[in-house]
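Sequence and predicted structure are below.
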Amino acid sequence: MKRRKFLKATGAGIAATGLAGVLAAHRAPVFAQANTVHILRWNDFVPAADKVWREVFVPEVQKALGLKLNVETVNANDLPARATAAIQSGSGPDIIMLLNNLPHLYSAAAVDVSNLAGEIGKAGGGIYAPATQLNTVGGKWVSLPWAVVPGLIAYRKSWFEEIGLKEFPKTWAAYHEAGKKLKAMKRPIGQTLGNTFGDAPTFTYPFLWSFGGQEVDAKGKVALDSKETVESVRFLVQFWKDAHDEGGLAWDDSNNNRAFLSGDISASLNGASIYVHALNNADKVKTEKGAPLHTDILHAPLPAGPKGAHAYHTAFNQMVMKYSKNAKGATELLCWAHKKENYEKWFVVQKGFATGPTREWEKHAMWNNDPVMLPFKTAPLGQSRLMGFGGAPDKKAAEAWNKYVITVMYAQAASGKMKPEEAVKWAAGELGKIYT
């Protein structure tokens, strides 16, 4: 290629600053690629949050960092498959959102972001302990926690009052009795037991723990097949039949939202997306008496079993991929996005559906706006156990979670396909294949 033709094609500025390097490398520079960051995230259950990324962050990132930001969103259930495909091909998004402890599965493909995690923690009053466990492997931060979506039970206040309850039941036994009465009034409890990322495992894992069951012991040996686990499955079988919409066996994380908003169920474990949607659409989403539905919704933690009450709240993390051609730009983007003045723009539109990864967000003035959302404010502080209990939330625990072993155990028994003892033995066998 003649020099004049080359300059015309690539621009005099490139030639003036880096022509020698280009000629030495025998290839043209990929400045367009180097100035682009592609981030893959979930389709947020609060659509306004996705709009912040696309309509606010994109132009602001261009201005502040000189980066063209490409925001792609998919169903959260599709994120693991997309991550696997990108890693295997060695190309794909520069940043991938990974839920819960999935960073442990993909840690070999991650850029070490320990320095940035340290800065975020220091600036925000400390990162929550569960987030540290979910995002670190071998002492290194392989991903950064972006947010936690607490799972609490949304319930119809007036319907529970009609059966004589001014407060939400504190135990599973009491919730069972309440559910019987509600289902008799054609107002069943709505709960998914499907293979879906959020509402199913965040129900089944704490339910197991509340009866004293655990996946493995402290040495990593499978300990699921126990009388405590069998008791929990037996309880759920009857609870399911007496109190639940039995179609929940096939639900994903959106079915219960629709069922609640349409008045078909009385309660459901969920993030705050049901309430936030009802609040944002108060003129359209009504009770059977014509009042705005959000005025009849309250939130409560999961009830207690024989071994106490437990919770798991869905973690949303972001990993910079090692194959990225612009890992530096991707890291700069996350650094920028976690700065308080930027993160806040995303945080406030969530209205409490998602909490921040550090303690400082508990103090935000937003929480003063709506007392119905206050249970979400400090929900991450009540999370004392993680998947893999009583072992670690490691790579094996991530595989078990991603294969829905615990959820399927309960679903098999609730559907009548297996007796409780059979379902427990099946699940213990599946865990055995993972933990060998």
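Good, I have the coordinates.

Just the pLDDT at residue 380, thanks.
Confidence at residue 380, expressed as pLDDT, is 85.

actually residue 310, not the one I typed
So residue 310 comes in at 96 (pLDDT).

now swap in residue 197 and tell me
93.

beta partners for the most centrally placed residue in the chain?
Nearest to the mean C-alpha position of the chain, by CA atoms, centre = their mean, lies residue 314 at 3.6 Å. Here residue 314 sits in beta bridges with residue 149, going by DSSP bridges.

who are the neighbours in contact with it?
99-100, 148-149, 151, 197-198, 202, 271 (CB atoms under 8 Å, 6 or more residues apart in numbering). Every residue, glycine included, has its C-beta placed from N, CA and C.

how deep is the residue nearest to residue 304 when sequence neighbours are not counted tucked in, by neighbour count?
Spatial nearest neighbour of residue 304, excluding adjacent residues (CB to CB, 6 or more residues apart in numbering): residue 171 at 5.2 Å. Applying other CB atoms under 10 Å, we find 14 residues neighbouring residue 171.

quick revisit: which ones among the contacts of residue 314 are found in strands?
Members of the contacts of residue 314 lying in strands (criterion: DSSP state E): 99, 148-149.

Check the spacing between the residue nearest to the centre of the chain and residue 103 real quick.
14 Å (CB to CB, to the nearest Å).

Also residue 259?
Counting by CB to CB - residue 259 and residue 103 are separated by 32 Å.

quick one: which of the two has more around it?
residue 103 (28 against 21).

Confirm for me that the more buried one is in contact with residue 143.
Yes: look at residue 103 against residue 143 with CB atoms under 8 Å: they come within range, at 4.1 Å.

what is in contact with those two at once?
110, 135, 317, 319.

Can you name the residues that contact residue 232?
207-208, 210-211, 213, 305.

I meant to write residue 156 there.
Here residue 156 is in contact with 187, 266-267, 296-297 (CB under 8 Å, 6+ apart).

and those as TSV, adding secondary structure?
Shown next, in TSV, are these (DSSP: H, G, I helix; E, B strand; the rest coil):
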residue	secondary structure
187	coil
266	coil
267	strand
296	helix
297	strand
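
between these, which is nearest residue 413?
Closest approach to residue 413 among the contacts of residue 156 (CB to CB): residue 267, at 21.4 Å.

quick revisit: got a list of what the residue nearest to residue 304 touches?
With CB under 8 Å, 6+ apart, residue 171 has these contacts: 303-305.

With residue 389 as the reference, measure out to it.
Residue 171 is 21 Å from residue 389, by CB to CB.

try residue 280
The value you get for residue 280 to residue 389, if CB to CB is used, is 36 Å.

Same question for residue 285.
37 Å.

which of the two has more neighbours?
residue 389 (23 against 18).

I'd say that one and residue 214 touch.
Yes: between residue 389 and residue 214 a contact is recorded at 5.0 Å, counting by CB under 8 Å.

okay, now the residue nearest to residue 106 when sequence neighbours are not counted: neighbour count?
Counting by CB to CB, 6+ apart, residue 106 lies nearest to residue 83, which is 5.8 Å off, once chain neighbours are set aside. By other CB under 10 Å, 23 other residues sit near residue 83.

show me where pLDDT drops low in the stretch 1-150 of the chain?
By pLDDT under 70, the weakly predicted segments of the stretch 1-150 of the chain are 1-34.

So which residues of it form strands?
36-42, 68-74, 95-99, 136-137, 140-141, 144-149 (DSSP state E, counting those that start in this stretch).

Not counting the first one itself, show me its contacts.
Going back to what we said before, that points to strand 36-42. Outside strand 36-42, the residues touching it (CB under 8 Å, 6+ apart) are 50, 53, 61, 67-76, 79, 82, 92-97, 99, 316, 318, 326, 329-330, 333.

Could you tell me the angle between it and strand 95-99?
Counting by axes from the mean of the first three to the mean of the last three CA atoms, to 10 degrees, strand 36-42 points 20 degrees away from the direction of strand 95-99.

Partner strands of strand 36-42 and their direction?
Here, using DSSP bridges, strand 36-42 pairs with strand 68-74 (parallel), strand 95-99 (parallel).

and if you look at the fifth one?
According to DSSP bridges, strand 140-141 has the following sheet partners: strand 136-137 (antiparallel).

contacts for the strand it pairs with?
103-104, 107, 142, 395.

and of the contacts of residue 171, the nearest to residue 158?
Closest approach between these and residue 158, by CB to CB: residue 303, at 20.2 Å.

what's the burial count for the nearest residue to residue 323 once chain neighbours are set aside?
With CB to CB, 6+ apart as the criterion, residue 323 has its nearest non-adjacent residue at 4.7 Å, and that residue is residue 90. By other CB under 10 Å, the residues close to residue 90 number 10.

ok, now which ones touch residue 250?
residue 194.

how close does it get to residue 403?
Separation of residue 250 from residue 403 (CB to CB): 18 Å.

Residue 269 now?
21 Å.

before we move on, what about residue 126?
In terms of CB to CB, residue 126 sits 33 Å off from residue 403.

on that earlier part again, farthest pair within the contacts of strand 136-137?
142 and 395 (11.1 Å).

between the two, which one's more packed in?
A count of neighbours by other CB under 10 Å puts residue 142 above the other of residue 142 and residue 395, at 26 against 19.

Dig out what the residue nearest to the more buried one when sequence neighbours are not counted forms beta bridges with.
Setting aside the residues directly before and after it, residue 142 is nearest to residue 110 in space (CB to CB, 6+ apart), at 3.9 Å. With DSSP bridges as the criterion, residue 110 is bridged to residue 321.

which ones are touching residue 110?
Per CB under 8 Å, 6+ apart, neighbours of residue 110: 103, 142-143, 319-322.

And stretch 401-417, what's buried?
For stretch 401-417, a neighbour-count test (16 or more other CB atoms under 10 Å) marks 401-402, 404-414 as buried.

make that stretch 301-315, sorry
301-305, 309-315.

can the residues you listed go into a markdown table with extra columns for distance to residue 165?
Below are those laid out as a markdown table (distance: CB to CB, whole Å):
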| residue | distance to residue 165 |
| --- | --- |
| 301 | 15 |
| 302 | 16 |
| 303 | 12 |
| 304 | 16 |
| 305 | 19 |
| 309 | 17 |
| 310 | 22 |
| 311 | 21 |
| 312 | 25 |
| 313 | 25 |
| 314 | 28 |
| 315 | 32 |
